[in-house]
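In: Here is the input, now give the coordinates:
(3 chains)
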Amino acid sequence: MSQRMTRIHLFGLGGLLLIAVGTFLGLFVAPPERYMGEVARIMYVHLPSAWNGMLFYLFAFGFAIASIWQHKPKWDALTVGCIEVGVVLNFLLLLQGSIWARPTWGVWWDWDVRLTTSLIMLLLFAGVLALRSFVQDAHRRATWTAIATIVAFIDVPLVYFCVRWWRSLHQVQSTPETVSSFMVWPLRLNAIGLFLLTIWMVSQRARLEMIRHQQEQIDEPARMAPVGGLENV
Amino acid sequence: MARQAWAVVRKDLLLEWRGRSRIVSVLLFGVVTLLLFSFAIGPDSVILQAAAGGFLVLALLLSSTLGLSESFRLEQEQRAIEGLLLLPVDPVALYYGKCLSNTLFLMLLAPVLTPVALFFYNVELGPTGFLQLFGLWGLAAAGLSAPGTLYAAMTSRLQSQDVLLPLLLFPLVIPVLMGAVKSVTLVLTGDPMSQIQSWTLLLASFAIIYWSLCGLLFPHAIEEGS
Amino acid sequence: MSEGMIVGGWNYVIAAYTITGAGLALYVWSLIIRLRNSHNRDED
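Out: From the prediction side, this is the model:
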């Protein structure tokens, strides 16, 4: 067990290392971008955050399906791990996007398709976490989290398309990804580094959930579980 | 299974008819909401006219949350849901029955709130327009009911249903909201570029996807676990 | 020329990196604290 523990910490450390190198390259070695100047360097954190956030929501979706298929605590632990970390990345993404928008477009918020979709995703998945916090019974909590995750994830492409159509009636301003001339290396290193770091964060969050689950199993006979599920007191 | 679903719909409609005060209250709530929007924006008729579609759909959406949260209240209060499960009722049939009765309930809101909105916001509409609106609202209501029924069933067992249901539902149904607002506005103000088809397609897709998905998930939501 | 069309970019860059770093650090710290608390509970 402790060997497995050490191995996972390597993910975290390795991730941090790659991010450190990538950030150094991005800030001090990569040239300024033609149109956006120094501001373009924000992309070296913004894009990795976007990719990883989306990826881990996808993993959450997969784990949620597993959780319904096979009612095992580890699937629920991994689901909530991916969602919680996804929400953190999602939130940071919105802040980065806003900071990027200010010098570029002159406003803190512009209803950019990707950022708007990202905002709605944040609300969807934060909602799943909120739902979770109100359910005391572990089995029901796991099932309902999985259901809400699946429902939320399926919504994402629908939201993306509808926001895009909604926006297409107005001027679509160029989002970071459509701008050219990036240095590939800071982007790649940060993306992979963040990926490794996120794996570590998810593993720790999942471990926390497994511990909670075990503690609830121990407490269960001692606790007079009220009937009916209205236990949020 | 269709027969069971229909039995659920009949039961709900009967209960609804007996307790007419509920739908009347929800309708009144919708009217009040429309009024509040006017006060929030001010009496500038140009703005109100342009935003009329949006306000109408928002009022319907807010009213629908009330309707949805009530739809499992009776079962929860009288612990009837366990009773329903003990009977040989297929949970999926229960879901589709509830979903259909919720959709019908929501559709009842449109004939009342639409004339009120047109009146307040000074918008004219011919009979074809009315029919189009009701059709669009029917699609939107179907789209709202699918996840709404699922989440209403889940949150009816929690004390914080009045917060959780809107919190979970509103971000989810943004495509329905946008589709409905856009298409209703196009009906009210004219559609020179025939955009209404895309939005109608979005509404229909959402309804189909979620009617299928939530029907699959519903049995898991109400099963008794540990 | 090094600034391109946008002037004064460095402040924003620093803000973005700092917020991201701080956000991640805060979350990691919260994880560690929560894990520590749950282990302490175990030992009770």
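In: from chain A, which residue is nearest to chain B?
Out: Nearest residue of chain A to chain B: residue A:139, at 3.2 Å (CB to the nearest CB). (C-beta placed from N, C-alpha, C; glycine too.)
In: Assumed that residue was part of a helix.
Out: Yes. Using DSSP: H, G, I helix; E, B strand; the rest coil, the secondary structure at residue A:139 is a helix.
In: Alongside chain C, which residues does chain B contribute?
Out: Applying CB under 8 Å from any CB of the partner chain, we find that chain B lies next to chain C at no residue.
In: looking at chain B, which helix or strand does the model trust least?
Out: Using mean pLDDT, DSSP states H and E, helix B:80-86 stands out as the lowest-scoring helix or strand of chain B, at a mean of 60.
In: Now for residue 41: which residues touch it?
Out: Reading this off chain A. Counting by CB atoms under 8 Å, 6 or more residues apart in numbering or on different chains, residue A:41 touches A:26-27, A:30, A:32-33, C:9, C:13.
In: switch to chain B, that's the one I care about
Out: Residue B:41 neighbours (CB under 8 Å, 6+ apart): B:47-48, B:51.
In: Give me the buried positions along the longest helix seen in chain A.
Out: Secondary structure of chain A per DSSP state H: the longest helix is helix A:184-219. Neighbour counts over helix A:184-219 (16 or more other CB atoms under 10 Å in any protein chain shown) mark A:186-187, A:189-213 as buried.
In: just checking, what packs against that helix?
Out: When contacts are defined as 3 or more CB pairs under 8 Å, 6 or more residues apart in numbering or on different chains; DSSP states H and E, helix A:184-219 sits against helix A:2-24, helix A:43-69, helix A:73-105, helix A:138-168, helix C:9-43.
In: Output the lowest-mean-pLDDT helix or strand in chain A as PDB, nothing but the C-alphas.
Out: Counting by mean pLDDT, DSSP H and E, chain A has its least confident helix or strand at helix A:2-24, which shows a mean of 85. Extracted C-alpha coordinates of helix A:2-24, given in PDB (Å, rounded to 0.1, in the frame of the first residue of the first chain):
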ATOM      1  CA  SER A   2       2.700   2.500   0.800                       C
ATOM      2  CA  GLN A   3       4.500   1.700  -2.400                       C
ATOM      3  CA  ARG A   4       1.400   2.600  -4.300                       C
ATOM      4  CA  MET A   5       1.100   5.700  -2.200                       C
ATOM      5  CA  THR A   6       4.600   6.800  -3.100                       C
ATOM      6  CA  ARG A   7       4.000   6.200  -6.700                       C
ATOM      7  CA  ILE A   8       1.000   8.400  -6.900                       C
ATOM      8  CA  HIS A   9       2.900  11.200  -5.200                       C
ATOM      9  CA  LEU A  10       5.400  11.000  -8.000                       C
ATOM     10  CA  PHE A  11       2.700  12.000 -10.400                       C
ATOM     11  CA  GLY A  12       2.200  15.100  -8.300                       C
ATOM     12  CA  LEU A  13       5.800  16.000  -8.100                       C
ATOM     13  CA  GLY A  14       6.400  15.200 -11.800                       C
ATOM     14  CA  GLY A  15       3.500  17.300 -12.700                       C
ATOM     15  CA  LEU A  16       4.800  20.300 -10.700                       C
ATOM     16  CA  LEU A  17       8.200  19.900 -12.300                       C
ATOM     17  CA  LEU A  18       6.900  19.900 -15.800                       C
ATOM     18  CA  ILE A  19       4.700  22.900 -15.000                       C
ATOM     19  CA  ALA A  20       7.600  24.700 -13.600                       C
ATOM     20  CA  VAL A  21       9.700  24.200 -16.700                       C
ATOM     21  CA  GLY A  22       6.800  24.900 -19.000                       C
ATOM     22  CA  THR A  23       6.000  28.100 -17.100                       C
ATOM     23  CA  PHE A  24       9.600  29.300 -17.200                       C
END
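In: Any chance you could list what contacts it?
Out: Under CB under 8 Å, 6+ apart, the answer for helix A:2-24 is A:44-45, A:185-201, A:203-204, C:17.
In: likewise stretch B:60-70?
Out: Stretch B:60-70 has contacts (CB under 8 Å, 6+ apart) with B:22-23, B:25-27, B:29-30, B:33, B:102, B:105-106, B:109-110, B:113, B:137, B:140-141, B:144-145, B:148-149, B:151-152, B:155-156, B:161-162, B:165-166, B:169-170, B:173, B:177, B:180.
In: Which ones among those also lie next to chain A?
Out: Within the contacts of stretch B:60-70, those near chain A by CB under 8 Å from any CB are B:155, B:170.
In: Counting only helices, which of the contacts of stretch B:60-70 make the cut?
Out: If you go by DSSP H, these have B:22-23, B:25-27, B:29-30, B:33, B:102, B:105-106, B:109-110, B:113, B:137, B:140-141, B:144-145, B:148-149, B:151-152, B:155, B:161-162, B:165-166, B:169-170, B:177, B:180 in helices.
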